[in-house]
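predicted structure and sequence below. I'll ask about it afterward.
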Amino acid sequence: MTANSQAAWREDFTRAEYIFFQGERAEDASVLSDAVGLYRALLAHTSRELAPEAWATTMVSLGRALRVLSVQIGDSDSAQEAVSTCRAALTVFNRTDARTDWARTMAQLGAALAAEGQFTHSMAQIEEAEASFRDAAAGFLRETEPLDWARAQRNIGATLAVQGEHHPDTNHLADAVLAYRAALGVYTKDNAPADWAMTQSNLGHALRVLGERWDDVSLLEQAVTTCEAALEIYTRDAMRRDHAMTQTNRGNALSALGLRDGDPDKQHAATAAYQVAIDCFTEPSEEGYRAVARFNSSLAERRLREQGGA
């Protein structure tokens, strides 16, 4: 690739990246589709043989955009293509010659596999996603790429939590808690507030499920605390959907805790948390989340009646 063609590629790639991040931030499928189109157009003029690094970098970004779009519009084909594009990029990036590019590609492959696994309900794909995230974590150095390393740890935790909810033993859930806590050894409320809040919310979910399995009140109390910490960042005005999902997690933990200690106030607090979530899930695409919050609220109300606290 000549200097002029390299500069032209960089300009077009930067534009595509800008459009992608705009679409991701706004959760706008049409803008994300535009980004996908820009990446495809760029690949049509970028040769793997003549410009392997530019080609592979564009493939990774295309895979990322396809994966985010697949989740946004519920399209399993886009998730499947995202997996393929990331695998293609790995024919160029390898751990020996391009460690950080390889690790970032493994992280994107893991995310694409996890998305596809959610569509196909395939635990094999979730397990493969976990392995990809573990490779990414091994490729990143905590000392020099701490935020990338922490993100890989959080994603390891997420894939373990999914597996743990489908396995009778609790090893996956316990390992998920450890992975989330490892990520929180890097993330702070100051250096990465959104990542910190997401990890706290995910940790709260894993602690709640593990606390229910082990019938451990202390874990359920920790679950409530971590969800409430996440809500310091996930405010209703600034991050509505994340606020609602965390309120649902918090309600689940409070209701499980109230079931064990017999405190009706916890069921009252749980129903209040669910109501906030119901009120915040306003988009048609969020009807499934709203239905879950309604069902969980009715369960907490039933527990409250059974405890004589209605």
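Cool, got the structure.

test my guess that Ala174 contacts Val209.
No - at 10.6 Å, Ala174 does not count as touching Val209 under the criterion of C-beta atoms under 8 Å. Any C-beta I mention is one placed from the backbone N, CA and C, and that applies to glycine too.

higher neighbour count, these two?
Neighbours per residue (other C-beta atoms under 10 Å) separate Ala174 from Val209, with Val209 holding more: 22 against 16.

now the more buried one: how far from Arg154?
17 Å (C-beta to C-beta, to the nearest Å).

where does the prediction get shaky in the stretch 151-300 of the chain?
Filtered on pLDDT under 70, the stretch 151-300 of the chain yields no residues whatsoever.

all helices for it, in order.
Along the stretch 151-300 of the chain, the stretches classed as helices by DSSP state H, counting those that start in this stretch are 171-184, 193-214, 217-230, 240-261, 264-280, 287-306.

can you say which of the ones you listed is nearest to Leu32?
When these are compared by C-beta to C-beta, helix 240-261 sits nearest Leu32, at 16.3 Å.

who does that closest one touch, helix- and strand-wise?
Judged by 3 or more C-beta pairs under 8 Å, 6 or more residues apart in numbering; DSSP states H and E, helix 240-261 is in contact with helix 193-214, helix 217-230, helix 264-280, helix 287-306.

can you tell me which of these is most buried?
helix 193-214 (a mean of 23; mean count of other C-beta atoms under 10 Å).

for that helix, list the C-alpha coordinates in PDB.
The C-alpha atoms that make up helix 193-214 are tabulated as PDB, following Å, rounded to 0.1, in the frame of the first residue of the first chain:
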ATOM      1  CA  PRO A 193     -17.400   4.900  35.200                       C
ATOM      2  CA  ALA A 194     -19.500   3.200  32.600                       C
ATOM      3  CA  ASP A 195     -17.400   0.000  32.600                       C
ATOM      4  CA  TRP A 196     -17.300   0.000  36.400                       C
ATOM      5  CA  ALA A 197     -21.100   0.300  36.600                       C
ATOM      6  CA  MET A 198     -21.600  -2.500  34.100                       C
ATOM      7  CA  THR A 199     -19.300  -4.800  36.000                       C
ATOM      8  CA  GLN A 200     -21.000  -4.000  39.300                       C
ATOM      9  CA  SER A 201     -24.400  -4.700  37.800                       C
ATOM     10  CA  ASN A 202     -23.200  -8.000  36.300                       C
ATOM     11  CA  LEU A 203     -21.500  -8.900  39.500                       C
ATOM     12  CA  GLY A 204     -24.800  -8.300  41.400                       C
ATOM     13  CA  HIS A 205     -26.600 -10.600  39.100                       C
ATOM     14  CA  ALA A 206     -24.000 -13.400  39.500                       C
ATOM     15  CA  LEU A 207     -23.900 -13.000  43.300                       C
ATOM     16  CA  ARG A 208     -27.700 -13.200  43.400                       C
ATOM     17  CA  VAL A 209     -27.900 -16.400  41.400                       C
ATOM     18  CA  LEU A 210     -25.100 -17.900  43.400                       C
ATOM     19  CA  GLY A 211     -26.600 -16.700  46.700                       C
ATOM     20  CA  GLU A 212     -29.900 -18.400  45.800                       C
ATOM     21  CA  ARG A 213     -28.100 -21.700  44.900                       C
ATOM     22  CA  TRP A 214     -26.100 -21.700  48.100                       C
END
